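Asker: Using only what follows, build the 3D model:
(2 chains)
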Amino acid sequence: EISAPWTFHNLQELRHSASLANKVFLQRDYSDGTTCRFQTKFPSELESRIERPLFEDTVKRLNIYYAEAEKMGGQSYLEGCLACATAYLIFLCMETRYEKVLKKIGRYIQEQNEKIYAPRGLLITDPIERGMRVVSLQLLLLLCVCVCERETDKEKHKDR
Amino acid sequence: MSAVMIARKVRKWEKLPGKNSFCCDGRVMMARQKGVFYLTVFLIVGTCSLFFAFECPYLATHLSPAIPVFAIVLFLFVMAMLLRTSFSDPGVLPRALPEEATFIEMEIEAANGNVPAGQRPPPRIRNVQINGQIVKLKYCHTCKIFRPPRASHCSICDNCVDRFDHHCPWVGNCVGKRNYRYFYLFTLSLSLLTIYIFTFAIVHVVMRSVDSGFVKTLQETPGTVLEVLVCFFTLWSVVGLTGFHSYLISLNQTTNEDIKGSWSGKNRLQNPYSHKNIVKNCCEVLCGPAYPSVLDRRGLTQDDLPVPASTAAQSNPVPQTTKTTAPLIPNEHTPDDAKSSIADSAISHAEKGSPSPKKEKPPTPAKVPPLASPETDVEASIIIAKEKAL
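Answerer: Numbers count the residues shown, from 1 in each chain, chains lettered A, B, ... in the order given. The predicted model follows:
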């Protein structure tokens, strides 16, 4: 007995729509300049899959992390001056603040995928893998639909 | 069912498109033409060697030993900055993967509507508002992306570079967001070094001529003539360049924007990136965060992820319900062909392949539904690999 956390109505219809648009891309928001921010506009393709507040929370959290990484303040100036004084050799042994925040972002995305997105059949790709240009959300539908279809087929065969 | 074995590790830099050359297994990234860079290194090292050989012994004893010490420190700083500029990733933007490229194409077509046959479609431009000003983002046909603001495509390196300044043959690399401050510090320190050597070479000649006479001095230290000549000609270019870049930094502009006259003031276009404050602009450019490279040069390509077809079948029975990564693991009862198709498409996919059409082997029995698309198998194979690791 398969109990999936999602419902699907017509297999053919879903397969067709998934094959056409199984990835959604969130573009960068340049209204504040070239600092890394992503648009929080809720894409229509996700309407049936995830609640808007959850999605917006994730994107806003990502934007906060990126703002923290790129923040121009006392700490970044200190890091810059110290690095310059050592002819930037210190970066050979020390991790920059940006790299630390990127690791944090990677862990956050993984956690979000495990807890929220994968159960809803979605998968977020870390923007760093796409050159920080887009956050890509993959609609995981086809494979599990196929898996479930296989199961029902097998059961039908067993019954015969 | 075939067990897949990869003998050689293939790192991502080997598959990167563009005309860069890589050294030290992807740690060093430069342009292809390096001849002028070698000339730069030769000139700097050569002139400094002459200085240390001819001037320093005399100056150390007759004036102060601090003079050669400071020269050494300055020389090492110049070389460090030069190598840092030349060897680092200037801020190359990776090309769009086929799915992203298709998505953008669809968006463009939707925006343009129906173009009657025979007419040229309108240029691909996206308007964004930055700090209250409309900036046009152009579409790059090579990289298949809309270039972020301030990015430009370098035709020599065949890459889109973020905050593209210029391609510098003297350092053998593009100058962009990631290495601009090293480039500036290189020109600044080189100016100082040139002025320093020039000054002390003259001082040395004057001091020695007082003792021995001018002609005899030149005979004793022939290197001095060469140094003075090199420094004289270098001074004008490097000091001028440093001054020019200081001006650009104070206005938060790039050489590219300056040449194109993007913010020259015509059409009331002003630089939306400038903080309108010289100190703030300088701080942002020189003391801003150290941006990481988005090109994962030393990562292993997908071809190398160990996803043998046989073990994929023997993994845990598919938990189809509550386990979060469940949907991607094939049911252990699925026929062999489904598994081999997963393995095949995972292995044949290259992460940053050029946008040439990939011919994936389709799973043979018609009953087995094909996986969504070759590109999605990247994530699929990563999840499968992670799941196996758990």
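
Asker: any weak-confidence spans in chain A?
Answerer: Judged by pLDDT under 70, chain A has its weakly predicted residues at A:1-21, A:141-160.

Asker: spatially speaking, which residue is in the middle of it?
Answerer: A:Ile124 (2.4 Å; C-alpha atoms, centre = their mean).

Asker: That one and chain B, how far apart?
Answerer: 10 Å (C-beta to the nearest C-beta, to the nearest Å). Bear in mind the C-beta positions are built from the backbone N, C-alpha and C, glycine included.

Asker: Now do the same contact list for that residue.
Answerer: By C-beta atoms under 8 Å, 6 or more residues apart in numbering or on different chains, the contact set of A:Ile124 is A:Thr58, A:Ile109, A:Gln112, A:Asn113, A:Tyr117, A:Val135, A:Ser136, A:Leu137, A:Gln138.

Asker: The second one: neighbour count?
Answerer: Other residues near A:Ile109 number 22, with proximity taken as other C-beta atoms under 10 Å in any protein chain shown.

Asker: Go ahead and list the helix or strand containing it.
Answerer: helix A:97-112 (DSSP states H and E).

Asker: go on, the first one?
Answerer: For A:Thr58, the host element (DSSP H and E) is helix A:52-69.

Asker: Who are the contact partners of the residue in the stretch 151-300 of chain B that chain A sits nearest to?
Answerer: Nearest residue of the stretch 151-300 of chain B to chain A, counting by C-beta to the nearest C-beta: B:Cys287, 3.7 Å away. The contact partners of B:Cys287, taken as C-beta under 8 Å, 6+ apart, are A:Met72, A:Ser76, A:Tyr77, A:Gly80, A:Cys81.

Asker: Out of these, which comes closest to chain B?
Answerer: Set against chain B, the nearest of the contacts of B:Cys287 by C-beta to the nearest C-beta is A:Gly80 (3.7 Å).

Asker: In this model B:Tyr291 seems to touch the closest one, though I could be wrong.
Answerer: No - between A:Gly80 and B:Tyr291 there is no contact under C-beta atoms under 8 Å: 12.0 Å.

Asker: follow-up on the earlier one: for the helix or strand just after the helix holding A:Ile109, the distance to its chain's centre please.
Answerer: Going down the chain from helix A:97-112, the next helix or strand is strand A:122-125, by DSSP H and E. Centroid separation between strand A:122-125 and its chain, computed with C-alpha atoms, centre = their mean, to the nearest Å, is 4 Å.

Asker: same question, stretch B:267-278
Answerer: For stretch B:267-278, the distance to the chain centre is 26 Å (C-alpha atoms, centre = their mean).

Asker: Can you give me the end-to-end span of that stretch?
Answerer: Counting by C-alpha to C-alpha, to the nearest Å, you get 24 Å between the two ends of stretch B:267-278.

Asker: Near chain A, which residues of the stretch 151-300 of chain B are found?
Answerer: Contact residues, the stretch 151-300 of chain B versus chain A (C-beta under 8 Å from any C-beta of the partner chain): B:163, B:182, B:185, B:272-273, B:283-284, B:286-292, B:294-296.

Asker: burial count for B:Arg268?
Answerer: 6.

Asker: Ramachandran angles for it?
Answerer: Per-residue torsions, B:Arg268: phi 50, psi 30 (degrees, to the nearest 10).

Asker: Helices of the stretch 201-350 of chain B, residue ranges please.
Answerer: Secondary structure of the stretch 201-350 of chain B (DSSP state H, counting those that start in this stretch): helices at B:214-220, B:223-251, B:255-260, B:278-287, B:309-314, B:336-348.

Asker: from the ones you listed, which stretch is densest packed?
Answerer: helix B:336-348 (a mean of 21; mean count of other C-beta atoms under 10 Å in any protein chain shown).

Asker: Would you check that B:Glu232 makes contact with B:Ala201?
Answerer: Glu isn't right for residue B:232; it's Phe. No - when contacts are counted by C-beta under 8 Å, B:Phe232 is not listed as touching B:Ala201 (10.0 Å).

Asker: would B:Phe22 count as being in a strand?
Answerer: Yes - with DSSP: H, G, I helix; E, B strand; the rest coil as the criterion, B:Phe22 is assigned to a strand.

Asker: Who are the contact partners of the closest residue to it other than its chain neighbours?
Answerer: Here the nearest residue to B:Phe22 in space, its sequence neighbours aside, is B:Trp13; by C-beta to C-beta, 6 or more residues apart in numbering or on different chains that works out to 4.8 Å. Neighbouring residues of B:Trp13 by C-beta under 8 Å, 6+ apart: B:Phe22, B:Asp25, B:Gly26, B:Met29, B:Leu295, B:Arg297, B:Arg298.
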